[in-house]
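Q: Task: produce atomic coordinates for the following.
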Amino acid sequence: MTNAYTTPPAPRPVDTRPLRKRKRVWLGGSGLLLTGALIVGSGNGDQQPVAAEAKPAPTVTATVTATPEPAPTVTETIKAKAKPRPTVTVTKTARPAADTGSDTGSDTGSGSRDTTGTCSIVSNAGNCYSAGQFCRNSDHGAATTNEGGTRIKCAYSSNAWRWTYA
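A: Residues are numbered from 1 along each chain as shown. Down below sits the predicted model:
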């Protein structure tokens with residue numbers, strides 16, 4: 001068996017068609033080319049190409065300019081309102097004087113005294129604030145007391161303004 005990679009390829013055989021048949025192919029192709037050229041050339045319908053020339057024409061331009069009269073200028077001055085600040089009111093309660101009179105031995109009180117303080121800042125409902133509740137915008141930074149009399153302050157903590165023990 002022979003190796004296909006080492007043996008040279010076989011030479012191409014000489015064209016076996018006769019010369020007269022090859023001439024006919026060339027003549028037929030040339031005839032078709034000339035026939036197509038004649039058909040396309042006569043497809044114009046004997047029309048002359050039109051030259052497009054622009055003729056100059058007179059141009060009329062009318063320009064109207066309206067100048068407005070100046071209008072009166074109105075200027076309004078607005079006074080800025082002052083931002084309300086929290087009001088801190090301190091109220092002291094006076095204790096009643098101790099009764100030094102007769103000691104009858106009977107206690108009419110409950111034995112506990114009233115330790116409720118007064119709130120200087122109250123909610124919109126009128127209640128005292130307690131630590132942990134949210135503050136109003138107008139109360140930021142203000143201080144007051146809760147119902148028990150302990151001081152609380154509106155401070156920013158836990159991503160919100162809340163009442164905290166001072």
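Q: His140: what's it in contact with?
A: 86, 154, 156, 161 (Cβ atoms under 8 Å, 6 or more residues apart in numbering). Using the backbone N, CA and C atoms, a C-beta is placed for each residue, glycine as well.
Q: For the residues you listed, work out which two are farthest apart.
A: Farthest apart among the contacts of His140 by Cβ to Cβ are Pro86 and Tyr156. That separation is 14.8 Å.
Q: So between those two, which is more surrounded?
A: Legend: neighbour count by other Cβ atoms under 10 Å for Pro86 and Tyr156, higher for Pro86 (16 against 12).
Q: Are we agreed that the more buried one is in a strand?
A: No. Secondary structure of Pro86 (DSSP: H, G, I helix; E, B strand; the rest coil): coil, not part of a strand.
Q: can you pull the contacts of it?
A: Contacts for Pro86 (Cβ under 8 Å, 6+ apart) come out as 121, 138-142, 154.
Q: In strands, which of the contacts of His140 appear?
A: The members of the contacts of His140 that map onto strands under DSSP state E are 154, 156, 161.
Q: okay, these in TSV with distance to Thr77 and pLDDT next?
A: Converted to TSV, the ones in strands among the contacts of His140 look like this (distance: Cβ to Cβ, whole Å; pLDDT from 0 to 100):
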residue	distance to Thr77	pLDDT
Cys154	35	94
Tyr156	36	93
Trp161	34	95
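Q: Throw these into CSV and include distance to Thr35, thanks.
A: Formatted as CSV, the ones in strands among the contacts of His140 follow (distance: Cβ to Cβ, whole Å):
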residue, distance to Thr35
Cys154, 103
Tyr156, 97
Trp161, 98
